[in-house]
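Trainee: Compute the structure for the input listed below.
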Amino acid sequence: MVFQDDACPVSPHARSSRALAPGGCGARARSQSLTGFTNSSVFREPLQNPGFAREMAKPTETLKNMNTSTSKHASWVVRVVSQKVVKYTFTAKGKQIQAQKFECLLVGANPLQFILGIVPFSFAEQDAAQKASQKFKEGTCWRIDQPDFDTKTKAEYISTSVKRAVLLTKPTQISPVPLTDVATLKEIAHHIDIGLTLKEVLDRQKMMLGPQALLGYGSSAQGPPTQLLNMIGKVKTMTVPKGLTLGGKQRNVSSLELVDQTGALVELSVWDDANDLLRGLKVGDGVTIIGASTQRDSSTGDVRMNLWESAHVVQGGPLAQTLSRWDVSGQKLTKLTSTFTASGPLIPVDSEGIPTCAAALANAPKLESERIVQINRCIIDLPTRQELIFTQDGQRLYSTGRLRDWSGGVDVDLVSEAMLTLYDLPNQDEVQAALDNGTLTTMLSRVNARGVLRPTETGTKILIGKIEKSPLDAAVSPKALRDMLGLSEVLGDIILPVPAASVLDLSGLAVETSANGCIMAHRVLLLVKGTSSSMLVPTGEGQSLTTQTFRVSSPKVKCLLSETDVFVNLYGYCAFDNMLQYRLDQDVALVLASAVDINPDTQEKTFTVEKIEKVQHWEAVKSSLEQEWQTVLLNRMKTDTEQYSSPQKAEYWDRDVKRLKRMSSEPTR
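Mentor: Here you go, the predicted model:
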């Protein structure tokens, strides 16, 4: 695998992949789901062992409820079920660097919830991956406190039940669970599960529609989108890798057929180094695959499935073992897949920005000259590790982050001024001080970002230079949103205000559309009003009031973006200094949610809260948010008489639009 200097893979599957992890949904998954509010087990003391509980002094949470807020107050116990060292190449200062990183799957007590663990390449410790491979051995159990998330690993490359990549290096605190702690070791799962049959996996993939189906305009010139899926099946056939030339490059490809007891059969083309993942696998074995790459042709419905070296192939587990004992002979099989066939200041003071969105930026071509752009109502994830936020000489702030808005996500580079705004700190010295004492955090509010599209030798770099908090009550134009999207596709990784009723749990947040399809979401925003007092429960004992942290639950809050009366529960954590903000009571607030649990019997929804922002004049805010979500999720725009440009062409970046003069400006057409 080859990486550029921003560590983004450029192999064919990585360029266009979009994550879709179906594991953990369906009837069986719902029945095993651990809820955040309705299930009292979330509030239990750590894992049935009094001595272990005293040692941890923090509540043990489910993997689904791991986010930047809960990480300050809770702990997680996980088991390594799949690990490998990934070799790749990237360019730094004009040189090709041969690098390695460690990667593993971590599962909690619920086998339907698993995440990605990573030890990245480090110039200071270039054998870190090999050391991690010796440390995090298969089957070992670990306790995680204060997890640090890898913001450079895109969610689209993560096909796990919980779409987060946790760094297994400092400042993440990780320690082994002792062999004497039998109760804890027994409770943590030894395997991962998907919760879906092969047919259900592909049915779920079919639900993930692009904007052509959502908004009713013509077919995409970019071809069918690529998605990542998880599946469990029995190996029916395997072939020996054969060499072929594809796109001028020599490749090795083999074929793998999987079946299950529903009579479904899928064929995967196994490419290059991915064939090494199948070592030890035999015909008749049951196997779990995490991260198969799939494409569905919207015109024919044909599905092609590929396996690349980025995937995980896991043997063992109850369902896989059951399938290995199942006799496939004489069974009527239905094949569900098709067969493969071969400057000065960054931003001048008097600049005006071209209004655009994340999906358009992700498709920007190499331009002849720079363009100043502005992206409104986005959230930017920044790393909080010293080696990732300073230049190599340590003299100035500079980092790569992930920008997400209503249209999707894109990697961007940020200069010092923008980073200081996101860290909410006045200068670089304060950033260093926050790093030293472990308090560095990033803003979770939506912002307006202004930056520059800068041509490079290999393409176009997106540099963000200025950031301001987005006005909550800005008047949003549906026509302007559609014009910013152009002929791009909304494929997922979005952050969008939505009615609570439209939110689903498809092994990650997803939102329903008027076309009966779904879009995967990184986060969702809910406008809610409390109907009763919030409940605060201290998480520790023997602490002073000002150092105490609390679990906060707000039951039966009303969703103000829903057309009918819809009530949901909120669940999260807060510290003493922001207790009043998180205590909703009967106030109106804008809530950033990272996960949802749905009670299988009552369909009651409980959202995991990452941030709460109280709103005073909420009617204007509601109007703005409604325009935004209706534009994206409902087919309400007339496109037959309108012409839109493709962001892949220079014409899009030179089109006749009203430029934004102020950072708080909104496009009006």
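Trainee: Confirm that Met483 sits in a helix.
Mentor: Quick fix: residue 483 is Asp, not Met. Yes - with DSSP: H, G, I helix; E, B strand; the rest coil as the criterion, Asp483 is located in a helix.
Trainee: could you pull out the helices for the stretch 151-300 of the chain?
Mentor: 182-187, 198-207, 211-215 (DSSP state H, counting those that start in this stretch).
Trainee: Just put the ones you listed in a markdown table and tack on mean pLDDT and distance to Ala500.
Mentor: For every residue, glycine as well, the C-beta is placed using N, CA and C. Formatted as a markdown table, the helices of the stretch 151-300 of the chain follow (pLDDT from 0 to 100; distance: least, C-beta to C-beta, whole Å):
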| stretch | mean pLDDT | distance to Ala500 |
| --- | --- | --- |
| helix 182-187 | 92 | 32 |
| helix 198-207 | 88 | 19 |
| helix 211-215 | 42 | 20 |
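Trainee: Please identify which of those is closest to Met231.
Mentor: Of all the helices of the stretch 151-300 of the chain, it is helix 198-207 that lies closest to Met231, at 5.0 Å by C-beta to C-beta.
Trainee: For that closest one, enumerate the helices and strands it packs against.
Mentor: strand 226-238, strand 264-271, strand 286-296 (3 or more C-beta pairs under 8 Å, 6 or more residues apart in numbering; DSSP states H and E).
Trainee: between these, which one is nearest to Leu584?
Mentor: strand 226-238 (35.4 Å).
Trainee: Could you tell me which residues within stretch 502-509 count as buried?
Mentor: Ser502, Val503, Leu504, Asp505, Leu506, Ser507, Gly508, Leu509 (16 or more other C-beta atoms under 10 Å).
Trainee: wait, I meant stretch 573-581
Mentor: In stretch 573-581, counting by 16+ other C-beta under 10 Å, buried: Tyr573, Cys574, Met579.
Trainee: gap between it and the chain center?
Mentor: 26 Å (C-alpha atoms, centre = their mean, to the nearest Å).
Trainee: and it, average pLDDT?
Mentor: Averaging pLDDT along stretch 573-581 gives 90.
Trainee: any residues touching that stretch, and which ones?
Mentor: Outside stretch 573-581, the residues that touch it by C-beta atoms under 8 Å, 6 or more residues apart in numbering are 69-70, 72-74, 536, 539, 545-552, 582-583, 612-614.
Trainee: Give me the distance between the two termini of that stretch.
Mentor: End-to-end distance of stretch 573-581 (C-alpha to C-alpha, to the nearest Å): 11 Å.
Trainee: Domain ranges for this structure, per the record?
Mentor: The chain breaks down by automatic domain parsing into domains covering 24-187, 198-335, 354-470+649-653, 494-633.
Trainee: picking up where we left off before, selecting buried members of the contacts of stretch 573-581 in PyMOL, what would you type?
Mentor: To isolate the buried ones among the contacts of stretch 573-581 in PyMOL, judged by 16+ other C-beta under 10 Å, type:
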select buried, resi 69+70+72+73+74+536+539+548+549+550+551+552+582+583+612
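Trainee: Restricted to strands, list the contacts of stretch 573-581.
Mentor: Among the contacts of stretch 573-581, the members falling in strands are Leu536, Thr549, Phe550, Arg551, Val552, Ile612, Glu613, Lys614 (criterion: DSSP state E).
Trainee: Adding pLDDT and distance to Trp629, write those residues out as TSV.
Mentor: Output for these, formatted as TSV (pLDDT from 0 to 100; distance: C-beta to C-beta, whole Å):
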residue	pLDDT	distance to Trp629
Leu536	93	31
Thr549	90	33
Phe550	93	31
Arg551	95	29
Val552	96	26
Ile612	96	19
Glu613	95	17
Lys614	95	21
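Trainee: that older thread, identify those among the buried residues of stretch 573-581 that sit within strands.
Mentor: Going by DSSP E, the strands hold Tyr573, Cys574 from the buried residues of stretch 573-581.
Trainee: and which of the buried residues of stretch 573-581 is nearest Asp260?
Mentor: Among the buried residues of stretch 573-581, and counting by C-beta to C-beta, the member closest to Asp260 is Tyr573, at 39.7 Å.
Trainee: The closest residue to that closest one other than its chain neighbours and Gln548: what is the separation?
Mentor: Distance criterion C-beta to C-beta, 6 or more residues apart in numbering; nearest residue to Tyr573, sequence neighbours excluded, is His73 at 4.1 Å. For His73, the distance to Gln548 (C-beta to C-beta, to the nearest Å) stands at 10 Å.
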